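Colleague: this is a predicted model, with the sequence first.
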Amino acid sequence: MEHQKTIRWGFIGCGEATEKKMLPAFSELPNAKVVAVMSRRAERASAFAERHDIPHWYTDAQNLVTDPNVDAIYIATPPSTHATFAIMALNAQKAVYVEKPLATHYADCLRINRVAASQHTPCFVAYYRRYLPYFQRVKALIEEGAIGKVLSAQIRFSVPPRDLDYNSRNLPWRLQPDIAGGGYFYDLAPHQLDYLQQLFGPIVEVQGYKANLRQLYSTEDSVSAAFRFANGIPASGTWCFVAHESAKEDRILLIGDKGQLSFSVFTYLPIHLQNEAGEQHIVVENPQHVQVPLLKNIMDHLNGSGICTCDSVSATPTNWAIDRILGKF
C-alpha cells in the first residue's frame, strides 16, 4: 500500500457529538492526528485537550486555523457559524470538513464555494450516508434494475416531541432558527434530500408548505413538499416532529415499473424489496463509527490518492431545496 502522509486536524467545536462520535472515528484512521481544538470557553477547550492528549487548544478560531501545525479543519459548531469558520479556514488554505447542513442560507453556500474555488482548497461536508454500506446497497439495487425504472419517490418521517421541546424557556439550539437555520426539518431533512439527489440528480423544482401546529416552539413542526429531480422523477415528502408515538415513521419509498423499494435513513431498518421475484427484507450492517467511510475518502483526497466528491458544491443543492421548501427565498 502506498504510504500516506499524516494529516493534522484542528477541531472547531468540542461538544458531546465531537467527543463521542468524531474522535472515535478519527482514531480509526492511522494517518489522521488531532493536534488542536477550539472552544470559546477556555475551560471546555483545555479540558477536552487534556482528556484526549491533544497538544494545542484555543478560544479563538483564527488562531487555530492559522496554526502551522494544523493541515485541515473539522467544524462541529451549530450551522449559523459554518460559513464564517469555513471561509476563515479556506482563506488560510486549510482543507475543511464541516457538519451538515453546509450553512443556514443558500447564499452562504455560494460564498463558501467561491472562496474554496479561489483558494484551490477543498471543503467537504458531512453527508456520510452516501458512503455507508446500507445506502450503497440501496443504490446498487436501483442500478441493477431490482424495481425497474424508478417512477416516483416518497419521504415519510414523523416522530413525537422530545422532552426538551416542551421547555420553551430553554429550547435546544436545533429549535432556534437564528442558530440552526430552521427547526428539526433543517437538521434532519438534509440527509434524506442529499441521498436522493445522489440517486436521481439535483432537485430542480420544489414547492413547500410549513406549519406550526402544536405551538411548542416558534419554528415549523410540520412540513410537506413536492419536488422534481433533474432526471424528471417526481417526488414528495412529509415531515412531522410533533406526532403521536404510534405514528413514528422513518421511510423512503421508491416506486418502479417492476416493483418497489423502501428503506430508512436514521434507523437503518432492513431494506424492503418487492418485485416479481417476491418480497425480501435485506439487512445491511454499517460500521460502528458511521463517519469512517467518508473520512477515509477525504483522507485519500488530501493525500492525492483519490477524489472525494462529497464537497460543498455537491452539498449546495440540498440547501437550495430546504430553503425553498421553507420559503426563505
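Modeller: Perfect, I can see it now.
Colleague: measure Asp250 to Ser27 for me?
Modeller: Remark: distance between Asp250 and Ser27 (Cβ to Cβ, to the nearest Å) = 29 Å. The way it works is simple: take the backbone N, C-alpha and C, and place the C-beta from them, glycine included.
Colleague: settle it for me: which of the two has more neighbours?
Modeller: Asp250 (18 against 14; other Cβ atoms under 10 Å).
Colleague: low-confidence regions, this structure specifically.
Modeller: Judged by pLDDT under 70, the chain has its weakly predicted residues at 1-3.
Colleague: starting from Asn212, give me the distance back to His191.
Modeller: Separation of His191 from Asn212 (Cβ to Cβ) stands at 23 Å.
Colleague: who's more crowded, those two?
Modeller: His191 (20 against 14).
Colleague: that one in helix, strand or coil?
Modeller: Assigned with DSSP: H, G, I helix; E, B strand; the rest coil, His191 falls in the helix class.
Colleague: so it touches Tyr127, yeah?
Modeller: Yes: counting by Cβ atoms under 8 Å, Tyr127 is a contact partner of His191 at 6.9 Å.
Colleague: between these two, which contacts overlap?
Modeller: Counting by Cβ atoms under 8 Å, 6 or more residues apart in numbering, the contacts common to His191 and Tyr127 are Lys100.
Colleague: tell me where the stretch 201-329 of the chain has helices.
Modeller: For the stretch 201-329 of the chain, the helices defined by DSSP state H, counting those that start in this stretch occupy 292-302, 312-325.
Colleague: how about Val125, nearest residue that isn't a chain neighbour?
Modeller: Nearest residue to Val125, sequence neighbours excluded (Cβ to Cβ, 6 or more residues apart in numbering): Ala315, at 4.0 Å.
Colleague: swap in Tyr131?
Modeller: Pro293 (3.8 Å).
Colleague: how many other residues sit next to the one you found?
Modeller: Going by other Cβ under 10 Å, the residues that sit close to Pro293 add up to 19.
Colleague: Ala153 - that's part of a strand, no?
Modeller: Yes: per three-state DSSP, Ala153 lies within a strand segment.
Colleague: surely it is in contact with Leu254?
Modeller: Yes: using Cβ under 8 Å, Ala153 makes contact with Leu254 at a distance of 5.4 Å.
Colleague: of those two, who's got more company?
Modeller: The residue with more neighbours, out of Ala153 and Leu254, is Leu254; 25 against 21, by other Cβ under 10 Å.
Colleague: the more buried one: what's it in contact with?
Modeller: Contacts for Leu254 (Cβ under 8 Å, 6+ apart) come out as 142, 147, 150, 152-153, 260-262.
Colleague: what does Phe48 give?
Modeller: Taking Cβ under 8 Å, 6+ apart, we find Phe48 in contact with 14, 19, 37, 39, 54, 57.
Colleague: could you rerun that using 6 Å?
Modeller: 14, 37 (Cβ atoms under 6 Å, 6 or more residues apart in numbering).
Colleague: host element of it?
Modeller: Assigned by DSSP states H and E, Phe48 belongs to helix 42-51.
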